[in-house]
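**Student:** attaching a predicted model along with its sequence, questions to come.
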Protein chains: 4
Amino acid sequence: MIISTKKGTPKEELEKIVDRFEKQGLDVTLITGKDYNVFGLVGDTTKIDERDVLANPWIDNVTRVSAPYKRANRLFHPADSVIDCGGVKIGGKEKIAVMAGPCSIESEEQALRIAQGVKAGGATLFRGGAYKPRTSPYSFQGLETEGILDMVKAREATGMPIVSELMSEERIPEFEEYVDVVQIGARNMQNFQLLKAVGKMHKPVLLKRGLCNTIEEWIMSAEYIMAGGNEQVILCERGIRTFEKYTRNTLDLSAVPIIHEKTHLPVIVDPSHATGKANLVEPMMIAAVAAGADGLEVEVHYDPRHAWSDGAQCLTPDAFAQAMAKCRQVAWAIGRDM
Amino acid sequence: MIISTKKGTPKEELEKIVDRFEKQGLDVTLITGKDYNVFGLVGDTTKIDERDVLANPWIDNVTRVSAPYKRANRLFHPADSVIDCGGVKIGGKEKIAVMAGPCSIESEEQALRIAQGVKAGGATLFRGGAYKPRTSPYSFQGLETEGILDMVKAREATGMPIVSELMSEERIPEFEEYVDVVQIGARNMQNFQLLKAVGKMHKPVLLKRGLCNTIEEWIMSAEYIMAGGNEQVILCERGIRTFEKYTRNTLDLSAVPIIHEKTHLPVIVDPSHATGKANLVEPMMIAAVAAGADGLEVEVHYDPRHAWSDGAQCLTPDAFAQAMAKCRQVAWAIGRDM
Amino acid sequence: MIISTKKGTPKEELEKIVDRFEKQGLDVTLITGKDYNVFGLVGDTTKIDERDVLANPWIDNVTRVSAPYKRANRLFHPADSVIDCGGVKIGGKEKIAVMAGPCSIESEEQALRIAQGVKAGGATLFRGGAYKPRTSPYSFQGLETEGILDMVKAREATGMPIVSELMSEERIPEFEEYVDVVQIGARNMQNFQLLKAVGKMHKPVLLKRGLCNTIEEWIMSAEYIMAGGNEQVILCERGIRTFEKYTRNTLDLSAVPIIHEKTHLPVIVDPSHATGKANLVEPMMIAAVAAGADGLEVEVHYDPRHAWSDGAQCLTPDAFAQAMAKCRQVAWAIGRDM
Amino acid sequence: MIISTKKGTPKEELEKIVDRFEKQGLDVTLITGKDYNVFGLVGDTTKIDERDVLANPWIDNVTRVSAPYKRANRLFHPADSVIDCGGVKIGGKEKIAVMAGPCSIESEEQALRIAQGVKAGGATLFRGGAYKPRTSPYSFQGLETEGILDMVKAREATGMPIVSELMSEERIPEFEEYVDVVQIGARNMQNFQLLKAVGKMHKPVLLKRGLCNTIEEWIMSAEYIMAGGNEQVILCERGIRTFEKYTRNTLDLSAVPIIHEKTHLPVIVDPSHATGKANLVEPMMIAAVAAGADGLEVEVHYDPRHAWSDGAQCLTPDAFAQAMAKCRQVAWAIGRDM
């Protein structure tokens, strides 16, 4: 961590700063300049909040040199983490994983029919929403427990592990019992209470990036889960909010190589929520594979226009299968399997 | 709601669209153009999700004409709502309310000393954090129940109602018992589970705008709380995330007159979190009053540089009192009291 | 175009609105609802500015149904445009074009050496900056005419057409004489004076997307050039400005299929400026090819750390050749050549 | 400037870095840490581009401590600059200046009528557009020279200095002859060619902030003009582009105290373009005065719904006069005159 002080900072203030950080166990070196002074702090700075340091009005600027995360940091864990998701492995050089299914589970029959459809197209996990975060209180909020049990039936029929979003601590026993991968949605990426709670779970967590969160904040949310004891975290890029209105969000594919550089965790891509438009899903699936993603999450429904939610971004099982065939070609071209 | 269809949409598809919406109890009128067709839907469209409509590939565009919210809508409730916050009224032509206090409660003595300081400066409510949403799991997370009880002591000593942030459903009994105004933080603005839960509470809710949420989404989150039965909602603008790096967030003061136009709810402004810098707090407090805010929320600490969190944006009690004196002059100039 | 009016709009105001648009040659249909009225306008609405319509205080909302552009619109020109750039064709099913070279031309020798390097790696056009838009007036501003002449030498030696940025109308004769493709930089995307001027040129124009411009505004800037008579426009996605700080900009690859859907123009991708980091260039080159881009623009320098500008995002010729080899595999996988 | 290098940087690379910067006349101090090394550079660093430094792959991070601007910097010029605009002084403790008038000049009669209207309401300068930057090539582009001459007539009749936007170098003689304040629009804020050209003019320049430009980039564009010899620069905040759709842009009023802190230049606020909605202009005018702005720029037309451009954000002369009366009360309340 590097700290610079304003022009004219009195000598005794500089000494107080040195003293404060030495007491925290850091080595402090002072460089004296004409217009400002600079302190270099060496040691474990993860517990220091830059904003607390800036509370000293003599301090002008704080730059963090080492990352504020430890457990997720590739520096301290060079090998890729591979997460076992109910038998399907995600990360490292493993086969690119594909989670597919409807936005909302509507019935046992719908779940089963879509699960079989996506399996035929090449999906390896079945995703579906039973608890739905909706902007309006007047929109369909999900089938809840019934939806989870419908997914369990689909797993029994197809053998695919199931992925579903958890919105509340009180449903943790249910998810612990029935679900293979616990999804934390974009809007809850900084619901720290929920992050702490899933940090005590024994299931892999799929952590979606918040709509307006930086990559560093996203990794810090993974760190929350890992700090609680659950190191099975998979990150999912799903688009960020920008001024562009044509797409629902802007898919940030550069996040894929950045996550691989900064952390040892797997990262997958959700082109459905990122674009919000079915016709953009296929090209973004292919691009995500090309960018090095460890997996995809895609919304599929046999009748998108009557889907209970998010039909505009759903592929049909046929369109999904076609897109998968193209993705597979690209995966092979870059030396991966899918 | 207005829907347009693509060039070449077959007649039977147009008929299906008319049929679908008529079944939902809406009046449908069709305008036929050369390159596209337009449907006008008249009736209660709050239950229709634009994105579900777009799932029909023949549909090109959906425009919502009437707002998706009802309970918060000024159209159906023209008079300003005035919310009673433990005896202090907020909204309408009432005195401009000022919530002030530390970011984090650190001890009973600290709470008491700051409460007395801000009361002397003109604050009418005491704010303090006992449960803290922190980006890093390694940062101080708040004194929790102990902090709440310290605030209760400060209320007993000063008579000021207390405002504190709720992060989890399981703390609702504690907040119901001890706290006067329940704050929902920016990061939880779309934690729909928590919104539903506070919708069942009997305390006013201070709903902060999310860092990347539109004004409409923010009102929809108020609608969630109101739909649950709790109509005592106060909105708080606290800055949105933009590309600008000098300030922590960008304070959107135009939200104040917009909230007053669209809803009947009070709206207050938090210049501390918006700017993140103590030297910008006073000018933004004054500007917020001038823009018509019904209140302010300001962070104050007698020793900002040793505050346990967010010291960089804290005013001292003296600086707060000076800023309040200026705000009062401006309030009088625009015909309000403070 | 669809217009809705506020509740309570007097009948005579509705009639005035009908009258106004009928005088502009449009067919107007009125739908009367309980809370609002809707007008559907059918005809050529490209000359109507939504914001002018909104000046009528009785009007609540304006939605444009047909696009505001004509010449760039795929609806009126279904076939892909193929642009001849000094002999290299860009667009349609043509080979994916690759423009590579240094950010700044530094000398004849540097230009020549890099041109030969990128040609060996598979580039088909040579790019270089002679006039540089720099944030600081104290930074190197480019070799100007001398730089253009150095590029001409490189073209003579390698046979590759040359691409360079034009910043000022007064240099048009020079560019008309020496340059094969005229680049308009992101910061000048809405320098309408310059767009009109290149609309009179006889050279292909490479129009970069502005840092904060929507896709529609970007197409409208292409329309400016085309309306001037020059239909040889190639669009270039180069990242947009968001809140994310790790990358210089956020590359919006979904723009590639969107441009192909909305327009008949070719679209290429510049991963160097988008990411600002050399280690992210290769994965984003590959992803851009996978997303369907018609070409790439990449910064290359044999000694990035001594480059006179933007060294941080430069590939060496070797790294470029390696990245190209991977791109070629992906291009073949999706049925394109490169 | 502070530079940190990656873990494991070889000793000879560290020496090369020291050597490089010492050759540029800087004092270099090295701090050696366990995981990284830090260099502090002391001296004139305005000519060093952070991105060039980052081209060295051993360098991890560069932090600029002293600002990259000199002429605009308050550190080297502590007193407020006061700019004489055709007799009206802007900046320092001078009366708050108000530029008002139509978006587009439509005729001599319209110009005159509006000029008289805004003068009656308290405006001190007359603004009007003769060269219009329009998103669509099919929209009205301004009366050009004729518009400028209409404004000259309005100046003769009212005595108010005139402000108009310059879009092209070739019109500089015309502006030098007729116009009192040369406006550079938001879309040209980084048209460096134009900035250099107005840097040679002898008229005050009103530099609008770009839609997606940081405050630092905005000051750097002022620095371009000042570096050319023209130190008469006034900055104008006019809203930035964000995800919020209800307003045209998001007005960033915190820019006012920041500009006053960082520079000695005057800063004014344009609430018309910032909000895009007439009903938001008055509250934002008042808030801007309260925030400490040195002036306002406001669009006024006697018949907004027939204005040739931007009618939606125009005040009538009466509404303008009413808003001015409120602003004046607030100006007095904060100890300014208007």
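**Tutor:** Great, that's in hand.
**Student:** where in chain A is pLDDT low?
**Tutor:** Applying pLDDT under 70 to chain A flags the ranges A:33-35.
**Student:** one more time with 50, if that's ok
**Tutor:** Along chain A, segments meeting pLDDT under 50 are nowhere present.
**Student:** tell me which stretches of it form strands.
**Tutor:** Assigned by DSSP state E, chain A shows strands spanning A:2-5, A:27-32, A:37-42, A:59-63, A:83-85, A:88-90, A:97-101, A:125-127, A:162-165, A:181-184, A:205-208, A:233-237, A:267-269, A:295-299.
**Student:** turn these into CSV, including mean neighbour count.
**Tutor:** Where C-beta positions appear, they are placed from N, C-alpha and C, glycine not excepted. Below are those laid out as CSV (neighbours: other Cβ atoms under 10 Å in any protein chain shown):
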stretch, mean neighbour count
strand A:2-5, 24
strand A:27-32, 17
strand A:37-42, 25
strand A:59-63, 19
strand A:83-85, 20
strand A:88-90, 21
strand A:97-101, 27
strand A:125-127, 29
strand A:162-165, 25
strand A:181-184, 24
strand A:205-208, 26
strand A:233-237, 26
strand A:267-269, 27
strand A:295-299, 29
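**Student:** I'd like to know which of these lies nearest to chain C.
**Tutor:** strand A:267-269 (10.2 Å; Cβ to the nearest Cβ).
**Student:** partners of that closest one in the sheet?
**Tutor:** Strand A:267-269 pairs in its sheet with strand A:233-237 (parallel), strand A:295-299 (parallel), by DSSP bridges.
**Student:** of all these, which one is nearest D:Val256?
**Tutor:** strand A:233-237 (37.0 Å; Cβ to Cβ).
**Student:** residue in the stretch 201-338 of chain A with the shortest distance to chain B?
**Tutor:** Closest point on the stretch 201-338 of chain A to chain B, by Cβ to the nearest Cβ, is A:Gly311, at 2.4 Å.
**Student:** list the contacts for the closest residue to that residue other than its chain neighbours?
**Tutor:** Nearest non-adjacent residue to A:Gly311, counting by Cβ to Cβ, 6 or more residues apart in numbering or on different chains: B:Ala55, 2.4 Å away. Residues in contact with B:Ala55, defined by Cβ atoms under 8 Å, 6 or more residues apart in numbering or on different chains, are A:304-307, A:310-312, A:314.
**Student:** try it again at 10 Å.
**Tutor:** For B:Ala55, the contact set (Cβ atoms under 10 Å, 6 or more residues apart in numbering or on different chains) comprises A:278, A:301, A:303-307, A:309-314, B:49.
**Student:** circling back to that earlier point, how many neighbours does the residue of the stretch 201-338 of chain A closest to chain B have?
**Tutor:** Per other Cβ atoms under 10 Å in any protein chain shown, the neighbour tally for A:Gly311 reads 25.
**Student:** just give the nearest non-adjacent residue to the residue in chain A that chain C sits nearest to, would you?
**Tutor:** The nearest approach of chain A to chain C comes at A:Ala290, 3.5 Å away (Cβ to the nearest Cβ). Leaving aside its sequence neighbours, A:Ala290 sits nearest to C:Ala290 (Cβ to Cβ, 6+ apart; 3.5 Å).
**Student:** isn't the one you found up against C:Met338?
**Tutor:** No. Here C:Ala290 does not reach C:Met338: they are 11.6 Å apart, not a contact under Cβ atoms under 10 Å.
**Student:** who's more crowded, the two?
**Tutor:** Neighbour tally, C:Ala290 and C:Met338, criterion other Cβ under 10 Å: the higher count belongs to C:Ala290, 32 against 18.
**Student:** quick one: residues contacting the more buried one.
**Tutor:** Contacts of C:Ala290 (Cβ under 10 Å, 6+ apart): A:253, A:283-291, A:326-327, A:329-330, A:333-334, C:253, C:256, C:327, C:330-331, C:333-334, C:336.
**Student:** good, we can wrap up now.
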